[in-house]
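Trainee: How does the following fold in three dimensions:
(2 chains)
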Number of protein chains: 2
Amino acid sequence: MPPTPRIKHCRACGTPVDYRVPVDDNRERAVCPACHEVHYQNPCNVVGTVPHWEDKVLLCRRNIEPQRGLWTLPAGFMELGETTAEGALRETIEEAGAAIEMLPLYTVLNVVRAGQVHLFYRAALQHLTFDPGPETIEVALFSEADLPWHELAFRTVRVTLEHYFADRRSGHFGMHHGDIT
Amino acid sequence: MPPTPRIKHCRACGTPVDYRVPVDDNRERAVCPACHEVHYQNPCNVVGTVPHWEDKVLLCRRNIEPQRGLWTLPAGFMELGETTAEGALRETIEEAGAAIEMLPLYTVLNVVRAGQVHLFYRAALQHLTFDPGPETIEVALFSEADLPWHELAFRTVRVTLEHYFADRRSGHFGMHHGDIT
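Mentor: This is a model prediction of the structure:
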(Lines give C-alpha, C1' and ligand atoms only; values in the text may rest on other atoms or scores of the structure.)
Protein backbone atom coordinates (compact mmCIF):
# COMPACT_ATOMS: atom_id res chain seq x y z
CA MET A 1 0.00 0.00 0.00
CA PRO A 2 1.97 3.05 -1.16
CA PRO A 3 0.82 5.92 1.09
CA THR A 4 1.30 8.60 -1.56
CA PRO A 5 0.16 7.39 -4.99
CA ARG A 6 0.20 10.14 -7.60
CA ILE A 7 -3.18 11.77 -8.15
CA LYS A 8 -4.28 11.80 -11.80
CA HIS A 9 -7.98 12.61 -11.52
CA CYS A 10 -10.04 14.90 -9.27
CA ARG A 11 -11.62 13.02 -6.38
CA ALA A 12 -14.62 15.37 -6.46
CA CYS A 13 -15.55 15.33 -10.16
CA GLY A 14 -13.19 12.91 -11.98
CA THR A 15 -11.58 15.49 -14.29
CA PRO A 16 -7.84 14.99 -15.02
CA VAL A 17 -5.91 17.25 -12.62
CA ASP A 18 -3.19 19.78 -13.33
CA TYR A 19 -0.13 20.13 -11.12
CA ARG A 20 0.47 23.75 -10.13
CA VAL A 21 1.03 26.00 -7.13
CA PRO A 22 -2.38 27.21 -5.92
CA VAL A 23 -2.96 30.87 -4.99
CA ASP A 24 -1.83 31.48 -1.36
CA ASP A 25 0.32 28.33 -1.42
CA ASN A 26 4.01 27.75 -2.10
CA ARG A 27 4.05 24.14 -3.23
CA GLU A 28 2.80 22.22 -6.24
CA ARG A 29 -0.52 20.41 -5.71
CA ALA A 30 -2.92 18.44 -7.87
CA VAL A 31 -5.60 21.00 -8.76
CA CYS A 32 -8.80 20.30 -10.68
CA PRO A 33 -9.19 22.62 -13.69
CA ALA A 34 -12.96 22.02 -13.70
CA CYS A 35 -14.12 22.27 -10.06
CA HIS A 36 -10.91 23.84 -8.62
CA GLU A 37 -10.57 21.24 -5.84
CA VAL A 38 -7.02 21.24 -4.43
CA HIS A 39 -5.75 17.78 -3.48
CA TYR A 40 -3.29 17.75 -0.59
CA GLN A 41 -1.10 14.75 0.13
CA ASN A 42 0.47 14.54 3.57
CA PRO A 43 2.50 12.08 5.64
CA CYS A 44 0.68 9.24 7.43
CA ASN A 45 1.15 8.00 10.96
CA VAL A 46 2.00 4.37 11.73
CA VAL A 47 1.10 3.50 15.32
CA GLY A 48 2.13 0.45 17.34
CA THR A 49 3.23 -0.96 20.67
CA VAL A 50 6.18 -2.58 22.43
CA PRO A 51 4.30 -5.21 24.46
CA HIS A 52 6.44 -6.66 27.24
CA TRP A 53 6.30 -9.55 29.67
CA GLU A 54 9.09 -9.67 32.24
CA ASP A 55 12.33 -9.24 30.20
CA LYS A 56 10.72 -10.22 26.89
CA VAL A 57 8.93 -8.31 24.14
CA LEU A 58 6.25 -9.58 21.79
CA LEU A 59 6.97 -9.66 18.06
CA CYS A 60 4.78 -10.72 15.13
CA ARG A 61 6.10 -12.53 12.06
CA ARG A 62 4.53 -10.78 9.07
CA ASN A 63 2.19 -12.72 6.80
CA ILE A 64 1.84 -9.82 4.33
CA GLU A 65 4.08 -7.73 2.11
CA PRO A 66 6.20 -5.74 2.51
CA GLN A 67 8.72 -7.82 4.44
CA ARG A 68 6.63 -11.01 4.63
CA GLY A 69 8.30 -13.55 6.92
CA LEU A 70 10.20 -10.96 8.95
CA TRP A 71 9.50 -9.90 12.54
CA THR A 72 7.82 -6.66 13.60
CA LEU A 73 6.29 -4.98 16.58
CA PRO A 74 2.50 -4.84 16.15
CA ALA A 75 1.80 -1.62 14.22
CA GLY A 76 -0.14 -0.21 11.30
CA PHE A 77 -1.62 2.91 9.75
CA MET A 78 -3.55 5.18 12.10
CA GLU A 79 -7.18 5.50 10.98
CA LEU A 80 -9.60 8.42 11.04
CA GLY A 81 -11.76 8.41 14.18
CA GLU A 82 -9.13 7.16 16.59
CA THR A 83 -6.28 8.57 18.68
CA THR A 84 -2.69 7.45 18.21
CA ALA A 85 -2.99 5.29 21.34
CA GLU A 86 -6.32 3.80 20.25
CA GLY A 87 -4.79 2.93 16.88
CA ALA A 88 -1.77 1.32 18.52
CA LEU A 89 -4.04 -0.77 20.76
CA ARG A 90 -6.23 -1.76 17.80
CA GLU A 91 -3.24 -2.89 15.75
CA THR A 92 -1.94 -4.94 18.69
CA ILE A 93 -5.28 -6.70 18.97
CA GLU A 94 -5.63 -7.21 15.19
CA GLU A 95 -2.10 -8.49 14.56
CA ALA A 96 -1.32 -10.35 17.79
CA GLY A 97 -4.65 -10.88 19.56
CA ALA A 98 -2.77 -9.75 22.67
CA ALA A 99 -4.33 -8.22 25.80
CA ILE A 100 -2.29 -5.21 26.86
CA GLU A 101 -2.31 -2.28 29.20
CA MET A 102 -1.20 0.82 27.29
CA LEU A 103 1.79 2.66 28.77
CA PRO A 104 3.33 6.03 27.75
CA LEU A 105 4.30 7.07 24.24
CA TYR A 106 7.79 5.75 23.73
CA THR A 107 9.22 6.56 20.27
CA VAL A 108 8.34 9.14 17.59
CA LEU A 109 10.36 8.35 14.45
CA ASN A 110 10.23 10.17 11.13
CA VAL A 111 10.55 8.06 7.99
CA VAL A 112 10.67 10.86 5.43
CA ARG A 113 11.39 8.60 2.46
CA ALA A 114 8.14 6.74 3.07
CA GLY A 115 6.13 9.85 4.03
CA GLN A 116 5.46 8.37 7.47
CA VAL A 117 5.80 9.11 11.18
CA HIS A 118 5.98 6.01 13.40
CA LEU A 119 4.73 6.28 16.99
CA PHE A 120 5.25 3.37 19.39
CA TYR A 121 3.83 3.04 22.89
CA ARG A 122 5.15 0.80 25.62
CA ALA A 123 2.56 -1.75 26.72
CA ALA A 124 2.26 -4.40 29.43
CA LEU A 125 1.00 -7.83 28.36
CA GLN A 126 -1.86 -8.95 30.62
CA HIS A 127 -1.49 -12.69 29.96
CA LEU A 128 0.24 -15.01 27.50
CA THR A 129 -2.72 -16.08 25.39
CA PHE A 130 -2.46 -14.75 21.83
CA ASP A 131 -4.69 -14.94 18.79
CA PRO A 132 -2.73 -13.72 15.73
CA GLY A 133 -4.80 -12.27 12.91
CA PRO A 134 -4.46 -12.99 9.17
CA GLU A 135 -1.59 -10.49 8.79
CA THR A 136 0.56 -12.52 11.20
CA ILE A 137 2.20 -15.93 10.72
CA GLU A 138 3.09 -16.34 14.37
CA VAL A 139 3.59 -14.40 17.59
CA ALA A 140 6.53 -14.96 19.95
CA LEU A 141 8.23 -13.43 22.97
CA PHE A 142 11.94 -12.61 22.81
CA SER A 143 14.49 -11.50 25.37
CA GLU A 144 17.21 -9.14 24.14
CA ALA A 145 19.68 -12.01 23.64
CA ASP A 146 17.21 -14.17 21.72
CA LEU A 147 15.79 -11.44 19.52
CA PRO A 148 15.99 -12.01 15.73
CA TRP A 149 17.90 -8.75 15.17
CA HIS A 150 18.79 -9.73 11.59
CA GLU A 151 15.22 -10.63 10.67
CA LEU A 152 13.42 -7.44 11.67
CA ALA A 153 11.01 -6.00 9.12
CA PHE A 154 11.54 -2.25 9.63
CA ARG A 155 14.22 0.12 10.87
CA THR A 156 11.78 1.91 13.20
CA VAL A 157 11.17 -1.47 14.87
CA ARG A 158 14.90 -2.00 15.32
CA VAL A 159 15.48 1.52 16.70
CA THR A 160 12.52 1.21 19.07
CA LEU A 161 13.74 -2.16 20.35
CA GLU A 162 17.31 -0.88 20.77
CA HIS A 163 16.00 2.02 22.87
CA TYR A 164 13.75 -0.34 24.81
CA PHE A 165 16.44 -2.76 25.92
CA ALA A 166 18.94 0.05 26.64
CA ASP A 167 16.36 1.85 28.78
CA ARG A 168 15.43 -1.39 30.50
CA ARG A 169 19.07 -1.86 31.53
CA SER A 170 19.29 1.74 32.75
CA GLY A 171 16.00 1.47 34.62
CA HIS A 172 14.59 4.64 33.03
CA PHE A 173 12.21 4.74 30.07
CA GLY A 174 12.31 8.17 28.41
CA MET A 175 10.56 9.26 25.24
CA HIS A 176 12.76 8.94 22.15
CA HIS A 177 12.47 11.04 19.03
CA GLY A 178 14.50 10.58 15.87
CA ASP A 179 14.69 10.37 12.11
CA ILE A 180 15.31 7.31 9.94
CA THR A 181 17.49 8.55 7.08
CA MET B 1 -9.02 23.11 3.93
CA PRO B 2 -11.01 20.14 5.19
CA PRO B 3 -8.44 17.38 5.75
CA THR B 4 -10.79 14.54 4.86
CA PRO B 5 -13.08 15.48 1.95
CA ARG B 6 -15.22 12.60 0.75
CA ILE B 7 -13.80 10.81 -2.30
CA LYS B 8 -16.28 10.52 -5.18
CA HIS B 9 -14.00 9.62 -8.10
CA CYS B 10 -10.95 7.39 -8.49
CA ARG B 11 -7.71 9.40 -8.38
CA ALA B 12 -6.09 6.94 -10.82
CA CYS B 13 -8.73 6.72 -13.56
CA GLY B 14 -11.60 9.12 -12.70
CA THR B 15 -14.32 6.45 -12.44
CA PRO B 16 -16.96 7.03 -9.71
CA VAL B 17 -15.91 4.98 -6.67
CA ASP B 18 -17.90 2.50 -4.60
CA TYR B 19 -17.68 2.41 -0.81
CA ARG B 20 -17.05 -1.12 0.46
CA VAL B 21 -14.75 -3.15 2.67
CA PRO B 22 -11.86 -4.41 0.51
CA VAL B 23 -10.66 -8.03 0.75
CA ASP B 24 -8.18 -8.37 3.66
CA ASP B 25 -9.47 -5.17 5.25
CA ASN B 26 -12.05 -4.51 7.96
CA ARG B 27 -13.12 -0.97 7.17
CA GLU B 28 -15.08 0.72 4.40
CA ARG B 29 -12.89 2.45 1.78
CA ALA B 30 -13.47 4.21 -1.52
CA VAL B 31 -12.71 1.48 -4.09
CA CYS B 32 -12.62 1.96 -7.85
CA PRO B 33 -14.89 -0.55 -9.66
CA ALA B 34 -12.86 -0.08 -12.88
CA CYS B 35 -9.16 -0.16 -11.88
CA HIS B 36 -9.64 -1.50 -8.31
CA GLU B 37 -7.58 1.25 -6.69
CA VAL B 38 -8.29 1.47 -2.96
CA HIS B 39 -8.27 5.03 -1.58
CA TYR B 40 -7.17 5.33 2.03
CA GLN B 41 -7.83 8.45 4.07
CA ASN B 42 -5.81 8.91 7.23
CA PRO B 43 -5.22 11.56 9.89
CA CYS B 44 -2.82 14.44 9.15
CA ASN B 45 -0.15 15.90 11.39
CA VAL B 46 -0.07 19.58 12.30
CA VAL B 47 3.41 20.63 13.41
CA GLY B 48 4.47 23.81 15.17
CA THR B 49 6.64 25.45 17.81
CA VAL B 50 6.50 27.26 21.13
CA PRO B 51 9.14 29.95 20.49
CA HIS B 52 10.27 31.61 23.71
CA TRP B 53 12.33 34.65 24.72
CA GLU B 54 13.00 34.97 28.43
CA ASP B 55 9.56 34.55 30.10
CA LYS B 56 7.59 35.27 26.93
CA VAL B 57 6.27 33.17 24.05
CA LEU B 58 5.69 34.22 20.46
CA LEU B 59 2.16 34.09 19.07
CA CYS B 60 0.83 34.91 15.60
CA ARG B 61 -2.52 36.57 14.96
CA ARG B 62 -4.14 34.64 12.14
CA ASN B 63 -4.86 36.35 8.85
CA ILE B 64 -6.67 33.30 7.40
CA GLU B 65 -9.66 31.16 8.22
CA PRO B 66 -10.41 29.27 10.34
CA GLN B 67 -10.18 31.54 13.37
CA ARG B 68 -9.02 34.65 11.53
CA GLY B 69 -8.03 37.37 14.00
CA LEU B 70 -7.29 34.98 16.87
CA TRP B 71 -3.86 34.09 18.23
CA THR B 72 -1.98 30.87 17.57
CA LEU B 73 1.42 29.32 17.98
CA PRO B 74 3.10 29.04 14.55
CA ALA B 75 1.94 25.69 13.12
CA GLY B 76 0.58 24.05 9.99
CA PHE B 77 0.16 20.82 8.09
CA MET B 78 3.24 18.61 7.86
CA GLU B 79 4.26 18.12 4.21
CA LEU B 80 5.72 15.13 2.37
CA GLY B 81 9.50 15.25 2.22
CA GLU B 82 10.09 16.73 5.67
CA THR B 83 10.35 15.53 9.26
CA THR B 84 8.01 16.73 11.98
CA ALA B 85 10.75 19.07 13.28
CA GLU B 86 11.56 20.38 9.80
CA GLY B 87 7.88 21.10 9.23
CA ALA B 88 7.59 22.90 12.57
CA LEU B 89 10.63 25.04 11.73
CA ARG B 90 9.27 25.77 8.23
CA GLU B 91 5.90 26.89 9.60
CA THR B 92 7.62 29.15 12.15
CA ILE B 93 9.60 30.82 9.38
CA GLU B 94 6.58 31.09 7.04
CA GLU B 95 4.12 32.44 9.61
CA ALA B 96 6.36 34.52 11.88
CA GLY B 97 9.63 35.02 10.01
CA ALA B 98 11.28 34.13 13.30
CA ALA B 99 14.79 32.74 13.74
CA ILE B 100 14.69 29.86 16.22
CA GLU B 101 16.78 27.06 17.63
CA MET B 102 14.65 23.91 17.70
CA LEU B 103 14.34 22.25 21.12
CA PRO B 104 12.79 18.88 22.07
CA LEU B 105 9.33 17.67 21.07
CA TYR B 106 6.98 19.06 23.67
CA THR B 107 3.32 18.11 23.07
CA VAL B 108 1.62 15.35 21.05
CA LEU B 109 -2.13 16.03 21.03
CA ASN B 110 -4.80 14.02 19.25
CA VAL B 111 -7.70 15.96 17.72
CA VAL B 112 -9.84 13.03 16.62
CA ARG B 113 -12.80 15.12 15.49
CA ALA B 114 -10.57 16.90 12.97
CA GLY B 115 -8.59 13.79 11.97
CA GLN B 116 -5.38 15.45 13.17
CA VAL B 117 -2.44 14.94 15.48
CA HIS B 118 -0.75 18.17 16.64
CA LEU B 119 2.95 18.07 17.53
CA PHE B 120 4.61 21.14 19.07
CA TYR B 121 8.32 21.61 19.71
CA ARG B 122 9.84 24.04 22.16
CA ALA B 123 12.09 26.55 20.43
CA ALA B 124 14.44 29.36 21.47
CA LEU B 125 14.12 32.68 19.64
CA GLN B 126 17.51 33.82 18.39
CA HIS B 127 16.65 37.51 18.12
CA LEU B 128 13.56 39.74 18.12
CA THR B 129 13.34 40.60 14.43
CA PHE B 130 10.26 39.06 12.83
CA ASP B 131 8.86 39.02 9.32
CA PRO B 132 5.28 37.71 9.40
CA GLY B 133 4.04 36.03 6.24
CA PRO B 134 0.70 36.54 4.48
CA GLU B 135 -1.08 34.11 6.84
CA THR B 136 -0.26 36.33 9.83
CA ILE B 137 -1.67 39.78 10.75
CA GLU B 138 0.95 40.43 13.44
CA VAL B 139 3.44 38.69 15.70
CA ALA B 140 3.84 39.48 19.39
CA LEU B 141 5.51 38.18 22.54
CA PHE B 142 3.41 37.47 25.63
CA SER B 143 4.24 36.59 29.20
CA GLU B 144 1.81 34.26 31.00
CA ALA B 145 0.00 37.17 32.64
CA ASP B 146 -0.38 39.13 29.40
CA LEU B 147 -1.37 36.23 27.19
CA PRO B 148 -4.70 36.59 25.30
CA TRP B 149 -6.10 33.38 26.80
CA HIS B 150 -9.63 34.17 25.57
CA GLU B 151 -8.51 34.90 22.02
CA LEU B 152 -6.60 31.71 21.22
CA ALA B 153 -7.41 30.07 17.91
CA PHE B 154 -7.16 26.37 18.83
CA ARG B 155 -7.49 24.16 21.90
CA THR B 156 -4.16 22.45 21.20
CA VAL B 157 -2.53 25.88 21.38
CA ARG B 158 -4.17 26.55 24.73
CA VAL B 159 -3.21 23.14 26.15
CA THR B 160 0.38 23.49 24.91
CA LEU B 161 0.70 26.98 26.43
CA GLU B 162 -0.83 25.83 29.74
CA HIS B 163 1.75 23.01 29.92
CA TYR B 164 4.51 25.39 28.91
CA PHE B 165 3.93 27.96 31.64
CA ALA B 166 3.28 25.28 34.29
CA ASP B 167 6.53 23.53 33.36
CA ARG B 168 8.38 26.83 33.32
CA ARG B 169 7.27 27.46 36.90
CA SER B 170 8.31 23.95 37.95
CA GLY B 171 11.66 24.21 36.14
CA HIS B 172 11.14 20.90 34.31
CA PHE B 173 9.93 20.56 30.72
CA GLY B 174 8.59 17.06 30.11
CA MET B 175 6.89 15.74 26.98
CA HIS B 176 3.09 15.96 27.20
CA HIS B 177 0.67 13.68 25.41
CA GLY B 178 -3.10 14.04 25.41
CA ASP B 179 -6.37 14.03 23.55
CA ILE B 180 -8.63 16.98 22.75
CA THR B 181 -12.17 15.64 23.12
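
Trainee: what are the phi and psi angles of the most centrally placed residue in chain A?
Mentor: Chain A has residue A:46 as the residue nearest its centroid, 2.6 Å off, counting by Cα atoms, centre = their mean. Per-residue torsions, residue A:46: phi -110, psi 130 (degrees, to the nearest 10).

Trainee: Nearest spatial neighbour of it, chain-adjacent residues omitted?
Mentor: residue A:118 (4.6 Å; Cβ to Cβ, 6 or more residues apart in numbering or on different chains). C-beta: built from backbone N, CA, C; applies to glycine.

Trainee: now that neighbour: how far from residue A:73?
Mentor: Residue A:118 sits 10 Å away from residue A:73, going by Cβ to Cβ, to the nearest Å.

Trainee: repeat for residue A:18
Mentor: Relative to residue A:73, residue A:18 is positioned 41 Å away (Cβ to Cβ).

Trainee: Of these two, give the one with the bigger neighbour count.
Mentor: Shown here are residue A:18 and residue A:73; by other Cβ atoms under 10 Å in any protein chain shown, residue A:73 has more neighbours (30 against 12).

Trainee: Could you verify my assumption that that one touches residue A:157?
Mentor: Yes. In this structure residue A:73 lies within contact range of residue A:157 using Cβ atoms under 8 Å: 5.1 Å.

Trainee: which of the residues in whatever helix or strand residue A:102 lives in are buried?
Mentor: When elements are assigned from DSSP states H and E, residue A:102 belongs to strand A:100-111. Buried residues in strand A:100-111, counted by 16 or more other Cβ atoms under 10 Å in any protein chain shown: A:100, A:102, A:103, A:105, A:106, A:107, A:108, A:109, A:110, A:111.

Trainee: Of those residues, which ones also sit close to chain B?
Mentor: Restricting these to those near chain B by Cβ under 8 Å from any Cβ of the partner chain leaves A:105, A:108, A:110.

Trainee: And the next helix or strand past the helix ranked longest in chain A?
Mentor: Criterion DSSP state H: the longest helix present in chain A is helix A:155-170. As assigned by DSSP H and E, the chain's next helix or strand after helix A:155-170 is strand A:176-179.

Trainee: At which residues are the strands of chain A located?
Mentor: Assigned by DSSP state E, chain A shows strands spanning A:18-20, A:29-31, A:38-39, A:44-53, A:56-62, A:71-72, A:75-77, A:100-111, A:116-125, A:136-142, A:176-179.

Trainee: mind putting those in TSV, mean pLDDT and distance to residue B:61 included?
Mentor: TSV is the format used below for the strands of chain A (pLDDT from 0 to 100; distance: least, Cβ to Cβ, whole Å):
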stretch	mean pLDDT	distance to residue B:61
strand A:18-20	97	30
strand A:29-31	97	26
strand A:38-39	96	25
strand A:44-53	98	30
strand A:56-62	98	48
strand A:71-72	98	45
strand A:75-77	97	36
strand A:100-111	98	30
strand A:116-125	98	29
strand A:136-142	98	50
strand A:176-179	97	30
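
Trainee: Thought residue A:123 was touching residue A:104, still the case?
Mentor: No. Contact criterion Cβ under 8 Å: residue A:104 and residue A:123 do not qualify, at 9.9 Å.

Trainee: so who does the most far-flung residue of chain A relative to its centre touch?
Mentor: Centroid-distance maximum for chain A: residue A:34 at 36.4 Å, with Cα atoms, centre = their mean. When contacts are counted by Cβ atoms under 8 Å, 6 or more residues apart in numbering or on different chains, residue A:34 touches A:10, A:13, A:15.

Trainee: And the residue nearest to residue A:46, how close does it get to residue B:103?
Mentor: Here residue A:118 is placed at a distance of 22 Å from residue B:103 (Cβ to Cβ).

Trainee: Residue A:67 contacts residue A:156, doesn't it?
Mentor: No. The criterion here is Cβ under 8 Å, and residue A:67 misses it with residue A:156 at 12.0 Å.

Trainee: Look at those two and report which has more neighbours.
Mentor: residue A:156 (27 against 15).

Trainee: just checking, the more buried one touches residue A:118?
Mentor: Yes. Residue A:156 is within contact range of residue A:118, at 4.1 Å (criterion: Cβ under 8 Å).

Trainee: Can you check which residues contact both of these two?
Mentor: Common contact partners of residue A:156 and residue A:118 (Cβ under 8 Å, 6+ apart): A:46, A:107, A:109, A:111.

Trainee: Tell me the one of those residues nearest residue A:172?
Mentor: In terms of Cβ to Cβ, no member of these lies closer to residue A:172 than residue A:107, at 14.8 Å.
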